[in-house]
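Asks: structure of the sequence below:
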Amino acid sequence: MRPKRLLVLKDIRHVRPQCCSNPPTLNPTSGFGRVEKFGGLNSYLTGSPNSKLAVVLVCDIFGYEAPILRKLADKIAAAGFFAVVPDFFYADPYVPAADGSFDSLPAWLKVHGTEKGFEDVKVVIEALQNKGVSAVGAVGFCWGAKVVVELSKGDSVQAAVLAHPSFVTVDDIKAVKVPISILGAEIDRMSSPEVVNQFEEALAYKKEIKSHVKIFPKVSHGWTVRYDASNEEAVKPAEEAHKDMLEWFANYVK
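Replies: Below you'll find the predicted structure:
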């Protein structure tokens, strides 16, 4: 295990400018929903609490107060789902240094590992089930994609979406047991098109599992939740990805 961890940290040092590019300006009051404790975590909740269908959004390293992430949760809620965006980082999202460097990222990741995120999200899903939700989908962004792919290896969610995943391996994909959609970026060093194509090949052997793999041209890692809302060329592919997510959940979370 130790050599693998060292390799991961080396990879992070190599790709961190892209992985951390375009950090959002966090806003704890953004969105149409509300923040409450849910499954033991502070969470942004939006949509009808009486819905029997839910989607959990697992954030990237910048956390659950990112306005575009909450805007996407509101979109999902408008489609009839109860949407939950938990604070997996306990009010400690990643913040780049004042000089713009990302040297603190490896140390931050040691404290905020995806293993802890996976344990936390299971409690959130249990809370949804306890309130009468009958079907749950999960979408993970970057860091969150690793958490969601772990969920997809079991039966606690009915469908999964990975958006520009980080730390996800082909072996992870081979273990998937639920319908899964993978949205990749053409310009991505965390999960390059070559890696995403390997994911697609692995899923092709799993005829019993519905899958969808799409590589978006001319976009970079993080494009679905860290785009410039004033740039039409950035908004268009992000909204296309959001539409794909919604269609996936509409088809398989019911």
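Asks: pairing partners for the helix or strand hosting A138, with directions?
Replies: Per DSSP states H and E, A138 falls inside strand 135-141. Applying DSSP bridges, strand 135-141 is found paired with strand 53-58 (parallel), strand 159-163 (parallel).
Asks: ok, residues contacting it?
Replies: 52-60, 69, 81, 121, 125, 128-129, 146-149, 151-152, 156-165, 222, 224-225, 245, 248-249, 252-254 (CB atoms under 8 Å, 6 or more residues apart in numbering). Glycine gets a C-beta too; all of them are placed from N, C-alpha and C.
Asks: in ChimeraX, how would I select just the buried ones from the residues you listed?
Replies: Remark: buried members of the contacts of strand 135-141, expressed as a ChimeraX selection using 16 or more other CB atoms under 10 Å:
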select :53,54,55,56,57,58,59,60,69,81,121,125,128,146,147,148,149,151,152,156,157,158,159,160,161,162,163,164,165,222,224,225,245,248,249,252,253
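Asks: scan the protein for its longest helix.
Replies: Looking across the chain with DSSP state H, the single longest helix is helix 232-252.
Asks: how far does that one sit from the chain's center?
Replies: 14 Å (CA atoms, centre = their mean, to the nearest Å).
Asks: report the buried residues of it.
Replies: For helix 232-252, burial by neighbour count (16+ other CB under 10 Å) applies to 234, 237-238, 241-242, 244-246, 248-250, 252.
Asks: okay, who's weakest in those residues by pLDDT?
Replies: Within the set of the buried residues of helix 232-252, pLDDT is lowest for A234 (91).
Asks: still on that earlier bit, kindly export the longest helix of the chain (C-alpha atoms) in CSV.
Replies: The C-alpha coordinates for helix 232-252 follow below in CSV (Å, rounded to 0.1, in the frame of the first residue of the first chain):
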residue,chain,number,x,y,z
GLU,A,232,-20.7,31.1,-23.4
GLU,A,233,-18.1,28.7,-24.8
ALA,A,234,-17.6,27.3,-21.3
VAL,A,235,-21.2,27.3,-20.3
LYS,A,236,-22.4,25.3,-23.3
PRO,A,237,-20.5,22.0,-22.7
ALA,A,238,-21.1,22.3,-18.9
GLU,A,239,-24.9,22.5,-19.5
GLU,A,240,-24.6,19.6,-22.0
ALA,A,241,-23.0,17.5,-19.3
HIS,A,242,-25.7,18.6,-16.8
LYS,A,243,-28.3,17.4,-19.3
ASP,A,244,-26.6,14.1,-19.7
MET,A,245,-26.5,13.6,-15.9
LEU,A,246,-30.2,14.4,-15.5
GLU,A,247,-31.2,12.0,-18.3
TRP,A,248,-29.1,9.3,-16.7
PHE,A,249,-30.8,9.7,-13.3
ALA,A,250,-34.3,10.0,-14.9
ASN,A,251,-33.7,6.7,-16.7
TYR,A,252,-32.2,4.7,-13.8
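Asks: any buried residues in the helix or strand encompassing Q198, and which?
Replies: Following DSSP H and E, the helix or strand that holds Q198 is helix 193-204. For helix 193-204, the buried set under the neighbour-count rule, 16+ other CB under 10 Å, comprises 195-196, 199-200, 202-203.
Asks: closest to L105 out of these?
Replies: When the buried residues of helix 193-204 are compared for distance to L105 (CB to CB), V195 wins out at 20.4 Å.
Asks: and the closest one, how far from V85?
Replies: Taking CB to CB, to the nearest Å as the measure, V195 falls 27 Å from V85.
Asks: now swap in V55 and tell me
Replies: Taking CB to CB, one finds V55 at 10 Å from V85.
Asks: quick check: neighbours shared by the two?
Replies: When CB under 8 Å, 6+ apart defines a contact, the residues bordering V55 and V85 alike are A73.
Asks: in this protein, where is pLDDT below threshold?
Replies: 1-22, 24, 100 (pLDDT under 70).
Asks: now do the helices in it.
Replies: For the chain, applying DSSP H gives helices covering 2-19, 67-78, 105-111, 114-130, 143-151, 170-174, 193-204, 232-252.
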